[in-house]
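In: below is the sequence, then the predicted model.
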Amino acid sequence: MKTLQSANQKGFTLLEILLVIAAIGILAAIVLVAVNPNRQLAQARNAERKSEVIAISNAVYQFTMDNNGLPAGIDATLRNVVSTSGTTTCTIVGSVALATNVSDFVTAVTSTVSYVASIPRDPQVASTGCSDYLIQTVTGNRVIVSAPRAESSASISITR
């Protein structure tokens, strides 16, 4: 006669599998919150903006040193630096319309003696003639270049 023997089964119970899946889900959520990809991308865009503001400022500074004066088109009026020659009407953050006839500036800093290869554009700007970087002079012919689209309450500007 055969006797029933308890089989020593190997494997996981449904409860054990569910607990492991829940633990992995909780750990994944914690890692996702800690990494915060949106904040990381905003910081990367702000770093690019800072680099581009410095490049525009350096181009103006080098032009000023070589030519004993500011490029045409830069004055006390807050202007959007256009990325192409010609007159372009740009709208900046907050729908503020800005006078943008700074084509002389673009020509001066990108031609003959190239102070900058091309006028950079903000990383979140569509392909238009607008760069969305602002430029103006203040007392003493000091030039301010700024990036008004900076994210995460950052303020990006340079004064020379």
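Out: Good, I have the coordinates.
In: what is the mean pLDDT for the lengthiest helix in the chain?
Out: In the chain, taking DSSP state H as the definition, the longest helix is helix 37-67. Helix 37-67 shows a mean pLDDT of 90.
In: for that helix, packing partners?
Out: helix 103-110, strand 130-138, strand 142-147, strand 156-159 (3 or more Cβ pairs under 8 Å, 6 or more residues apart in numbering; DSSP states H and E). Every residue, glycine included, has its C-beta placed from N, CA and C.
In: how far does that helix sit from the chain's center?
Out: Computed by Cα atoms, centre = their mean, to the nearest Å, the chain-centroid distance of helix 37-67 equals 9 Å.
In: contacts only, for the closest residue to Arg142 other than its chain neighbours.
Out: The shortest distance from Arg142 to any non-neighbouring residue, by Cβ to Cβ, 6 or more residues apart in numbering, is to Thr159 (5.6 Å). By Cβ atoms under 8 Å, 6 or more residues apart in numbering, Thr159 lies in contact with 138, 142-144.
In: what's the first helix or strand after the longest helix of the chain?
Out: Once the chain leaves helix 37-67, the next helix or strand it forms, by DSSP states H and E, is strand 79-82.
In: need the CA coordinates for that next one. PDB is fine.
Out: What follows is strand 79-82 as a C-alpha-only set of coordinates in PDB (Å, rounded to 0.1, in the frame of the first residue of the first chain):
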ATOM      1  CA  ARG A  79      16.600  94.800 -26.400                       C
ATOM      2  CA  ASN A  80      16.300  91.100 -27.400                       C
ATOM      3  CA  VAL A  81      19.500  90.000 -29.200                       C
ATOM      4  CA  VAL A  82      18.300  88.700 -32.500                       C
END
